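Engineer: give me coordinates for this.
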Amino acid sequence: MTANPVSLLPSQLAAFVLSPTDTAAITLANGNLANTAAYSGAPDFQTTATASASCGTPYSITPSKGSLTSTNYDFTNFVSGTVTITGTATQTINLSSTLPSAVTYGKITSVPLSATTGSGGTVTWSLLSGPSGTTINGSTLNIGGAGTIKVQAIQNGTCTYAASPTVTYTLTVSPAPLTVTAPSPSYPYGTNITTALAATAPTITGWVGSDTSALVSGSPVYTTSATSTSDPNSFTLSVAQGYLAVASNAAANYTLVAPTATYTSGTITITKASQTIGYVAPSSITYGGFPTVTASANSNTTNASSGLSVTATATGALTAQGYSGSTFNFNASGTGAATITLTQVGNTDYAAATPVVLTFTVAQAPLYVTANSYTREQGAANPTFTYYIGTATVGATGGFQNGDTDIPSVLSGVPVLTTTATQASPQGTYTVSVDTSAMTSTNYTLVPKNGTLTVGPAGTYVITANPSSLTIQRGLRGQSTITITPSNDYQGTITLTCGALPANVTCTVSPSTYTFTGEYVSNSIVFPENPQQGTITINTTSATVVGANSAQKSNVSLTGLLIPGAFAGLFLLFARKRVARIATFWSLCALLALGIGATLGLSSCGGSSVNTTAAAGTQTITITGSGTTPSGSGTVTATVPLTVTIQ
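Structural biologist: Just a heads-up that it's a prediction; the model follows:
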C-alpha cells in the first residue's frame, strides 16, 4: 500500500491526518490497483507535518493497516508518501529549451534537468518510465539504456503558490551504433582461408560502460580474393553483419545494422609456408661402410614436407655418393668426425627449411689378422707359421674396405705368431696365437684370429706303381710310374731302390730320392702336401755267342796284341846285332807268322758258347722306399711289388 503525495493548506492538515481515505493506493499481488470489493476498511496514516509546518516542504506520510481487511490478501507492505503545505496561487512549469529531445546511447550518459516556475521554487523531478538502469539523482537524469524516457516535473508549492501542474519531459535514446572491424590475420601459404576465417572473430567496438563483445553471438560474413593457392601477398578482407546479433538483454541498446553500424575492412597477409625435413639416419657408421640417409617427411618420395627436393652434403670422413629418390648414399672414406647436412632453400611459396645437421663419428672398421692352421706329424719341428689379413670376400666384415690392400699407408707392422707346442709335444691340438700389438692402422681396428696346430701321428707314405705289371720282349725295356703319397703330413727324404733282379735284367729309378716338407701355404691358404712321382725302367737283353764265334772274338783280340808285339821283339833283337844276312831274318818272320796262325786255328776249333739273353718268364721285382723320420732317429720304409713278364 502506497501513500500518494498530497498538497494541503495548513487548515486542512488536521482533517487529512484524521481522514485520508482518498490519498492511498492499494496494489494487489497481481500488480493491479485493488478495488473495494477485494478489501474493506481503511488504512491509518501518520505524518511528521504539524500545524506549524513550513510551506513548500514535503513531509513524510507513513501508512499502516488500520482497519483494512481482506479475504484473499494480507496487508504487509507499506510505502511512505509525502504531504506538502502550500498556498492557493496558481503557477506553471516551463521546461528549459536546452533539454535535448533525442540522444544516442553512450554519447551522453546523463542530462541536467532544468525548468522555471512562476513561484521561483525548486522543481522536483521524478522518473515516470524509461529503460532499466535509468535514474534521477536530484536534477540529473542518468540514462540507463536506449528507449523512451519520461520524466515528471513538479513544483510542490509555497505558502503563496499551490503546487504546479505536473509537466512531462520525454527523451528518446537511440541505440549505440557498433563498429565491426574485420581482422587482419596472417596465414601461411596453403591455408584454407574459408576454414581459417570461420574461427576468426572481428573486433567490435562502441560499447558503453562495462559492456563487451561477449554480448554478441553469431558470425559475420567475410569476403576476400585470397585462397589457399594464392602466392604470398596482401589481400583485402571485407566484413558484413551476417549472423551477428546482440544478446536480448542488451539488444535495445546497440545496433549492428548498417549503415548506422560501421563495417571496416581488414587485410589478409599470405606469408611463405614453413616446411620441415624429416629423415631416417643410421645410428653409427664404420669405415668402409655405405650409409644412407632417407629425407622424407611424408609417404612420397618428394623429401621435404613442402614437396620440394632436399639437398644433402657431407663433410669430414664421409663422401657423398649420389641419391636415389629420397635416399642419399654416402661412403665412409675415412674415420673420425663427419657431418651430413640436409637443406631445402624454399621458393616463392615456402620459406627455407631449418637445415638438419647430422653429426657422426666414423669408427674404425675391424680388420682380421688370422693365423693359418697347420697339421704336422708328431716329432716334426713346428712349421713356419704364416697369417693372412682380411677376408676372402672383399668389403666383408673383417676385410679390407674401400679397395685397401696390405700396404704401409694402410697397415704397418707384422703380427707375432706363437704356440705352446714344441717338437716333443704329444699328439693334440694347439693354439697358434696372434699378437697384433706391433701393428698399427688409421682406419682399422686389428682383430686377432688365432689358428690351430694339429699334431697328428707319425707320418708315413705309400708307394704305388702304375702299371703294376710289365710285359717286356727280350732285348726291349718297360716303364712304370711310381707314385709316393705321404700321409699324416710326412716330412723327410725317401730313397727308392730295386730289389733282386732276374739275370740279364736291370732296374733304374729316376729320380731315386724324394723330399717331403709337410703342408704348404699358397695365397694364404694351407694345402696338404702333394704326392710325388718318378719312373722305374726295366731293361732286358737278347744276345747268345756259341763255338768259333766266341773264340774268334777272343783270338782276334789276342792276335791284335801278339803280332805287333812279336815284330817289335824281333826288331829289337836283331837290330842291335845288325843281322847280316837278310834271308835268315825273313825266314824267322815267316816262321813266327805261321806259329801264330796255327795257334789261332787251334783255339777256334776247340772253343765253347756264352748266353747273355734274359730268361723268359714272370718274376716280381720289389721297389723299396727308405725314408728318414723327422727326428732323424729312425727309418720309415714302404714297398711296392712290380710284376715283370719277359717274353
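
Engineer: can you give me the strands in the stretch 251-400 of the chain?
Structural biologist: Counting by DSSP state E, counting those that start in this stretch, one finds strands in the stretch 251-400 of the chain at the ranges 254-255, 262-264, 266-271, 292-294, 311-316, 318-324, 327-332, 336-343, 356-362, 365-371, 374-377, 387-389.

Engineer: quick check: mean pLDDT across the one helix or strand residue 149 maps to?
Structural biologist: Using DSSP states H and E, residue 149 falls within strand 147-155. For strand 147-155, mean pLDDT rounds to 97.

Engineer: report the contact partners of residue 344.
Structural biologist: 275, 277, 303, 304, 306, 308, 309, 310, 311, 350, 352, 353 (Cβ atoms under 8 Å, 6 or more residues apart in numbering). C-beta here means a position set from N, CA and C on the backbone, and glycine is covered the same way.

Engineer: re the thing from before, now for the strands of the stretch 251-400 of the chain, which one comes closest to residue 237?
Structural biologist: strand 266-271 (4.4 Å; Cβ to Cβ).

Engineer: each with direction, which strands does that closest one pair with?
Structural biologist: Partners of strand 266-271 in the sheet, by DSSP bridges, are strand 186-188 (parallel), strand 233-240 (antiparallel).

Engineer: buried sites along that strand?
Structural biologist: Applying a neighbour-count criterion of 16 or more other Cβ atoms under 10 Å, one finds 266, 268, 269, 270 buried in strand 266-271.

Engineer: over to stretch 180-199?
Structural biologist: Neighbour-count burial for stretch 180-199 [16+ other Cβ under 10 Å]: 180, 182, 183, 185, 187, 188, 189, 191, 193, 197.

Engineer: looking at the residues you listed, spot the one nearest residue 466.
Structural biologist: residue 189 (91.2 Å).

Engineer: so the closest one touches residue 272, yeah?
Structural biologist: Yes. If you go by Cβ atoms under 8 Å, residue 189 and residue 272 touch, sitting 6.0 Å apart.

Engineer: need the overlap of contacts for the two.
Structural biologist: With Cβ under 8 Å, 6+ apart as the test, residue 189 and residue 272 both reach 232, 349, 350.

Engineer: out of the residues you listed, which is most surrounded?
Structural biologist: residue 350 (22 neighbours; other Cβ atoms under 10 Å).

Engineer: returning to that earlier point: want to throw the strands of the stretch 251-400 of the chain into JSON lines with mean pLDDT?
Structural biologist: Shown next, in JSON lines, are the strands of the stretch 251-400 of the chain (pLDDT from 0 to 100):
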{"stretch": "strand 254-255", "mean pLDDT": "97"}
{"stretch": "strand 262-264", "mean pLDDT": "98"}
{"stretch": "strand 266-271", "mean pLDDT": "98"}
{"stretch": "strand 292-294", "mean pLDDT": "93"}
{"stretch": "strand 311-316", "mean pLDDT": "95"}
{"stretch": "strand 318-324", "mean pLDDT": "92"}
{"stretch": "strand 327-332", "mean pLDDT": "95"}
{"stretch": "strand 336-343", "mean pLDDT": "97"}
{"stretch": "strand 356-362", "mean pLDDT": "97"}
{"stretch": "strand 365-371", "mean pLDDT": "97"}
{"stretch": "strand 374-377", "mean pLDDT": "91"}
{"stretch": "strand 387-389", "mean pLDDT": "95"}
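
Engineer: nearest to residue 626, out of the ones you listed?
Structural biologist: If we rank those by Cβ to Cβ, the stretch that ends up nearest is strand 374-377, at 17.3 Å.

Engineer: now residue 213: phi and psi?
Structural biologist: phi -70, psi -10 (degrees, to the nearest 10).

Engineer: distance of it from residue 264?
Structural biologist: 15 Å (Cβ to Cβ, to the nearest Å).

Engineer: so where is this structure shaky, pLDDT-wise?
Structural biologist: 1-36, 297-302, 524, 543-611, 632-633 (pLDDT under 70).

Engineer: what ranges do the helices span in it?
Structural biologist: In the chain, the helices defined using DSSP state H lie at 13-18, 193-198, 548-577, 582-605.

Engineer: CSV for the buried residues of strand 266-271, including distance to residue 497?
Structural biologist: Converted to CSV, those look like this (distance: Cβ to Cβ, whole Å):
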residue, distance to residue 497
266, 120
268, 114
269, 112
270, 108
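
Engineer: closest to residue 46 out of those?
Structural biologist: residue 266 (67.6 Å).

Engineer: contacting residues around the closest one?
Structural biologist: 181, 182, 183, 184, 185, 202, 236, 237, 239.

Engineer: so it bridges to which residues?
Structural biologist: Assigned bridge partners for residue 266, using DSSP bridges, are residue 237.

Engineer: try residue 362
Structural biologist: residue 336.

Engineer: do the same with residue 621
Structural biologist: Bridge pairing for residue 621 - DSSP bridges - gives residue 642.

Engineer: and it, how far is that from residue 497?
Structural biologist: 11 Å.

Engineer: who has more neighbours, those two?
Structural biologist: Shown here are residue 621 and residue 497; by other Cβ under 10 Å, residue 621 has more neighbours (21 against 12).

Engineer: for residue 467, see how far away the more buried one is.
Structural biologist: Distance from residue 621 to residue 467, by Cβ to Cβ: 13 Å.

Engineer: and residue 203, what does it touch?
Structural biologist: Residue 203 neighbours (Cβ under 8 Å, 6+ apart): 180, 181, 183, 213.

Engineer: looking at these, which one is closest to residue 221?
Structural biologist: Nearest member of the contacts of residue 203 to residue 221, counting by Cβ to Cβ, is residue 180, at 10.7 Å.

Engineer: in this structure the closest one contacts residue 246, no?
Structural biologist: No. The criterion here is Cβ under 8 Å, and residue 180 misses it with residue 246 at 11.5 Å.

Engineer: about what we covered before: using CSV, please lay out the strands of the stretch 251-400 of the chain together with distance to residue 172.
Structural biologist: Listed next are those as CSV, based on distance: least, Cβ to Cβ, whole Å:
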stretch, distance to residue 172
strand 254-255, 14
strand 262-264, 22
strand 266-271, 34
strand 292-294, 75
strand 311-316, 73
strand 318-324, 79
strand 327-332, 78
strand 336-343, 70
strand 356-362, 70
strand 365-371, 96
strand 374-377, 122
strand 387-389, 108
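
Engineer: from residue 618, how far out is the nearest residue to residue 252 once chain neighbours are set aside?
Structural biologist: Distances taken as Cβ to Cβ, 6 or more residues apart in numbering place residue 146 nearest to residue 252, at 5.1 Å, with adjacent residues excluded. Per Cβ to Cβ, residue 146 is found 150 Å from residue 618.

Engineer: neighbour-wise, which of the two wins?
Structural biologist: Neighbour count, other Cβ under 10 Å: between residue 146 and residue 618, residue 146 has more, with 23 against 12.

Engineer: any idea how far residue 63 is from the more buried one?
Structural biologist: 36 Å.

Engineer: and if you look at residue 490?
Structural biologist: Residue 490 is 148 Å from residue 63, by Cβ to Cβ.
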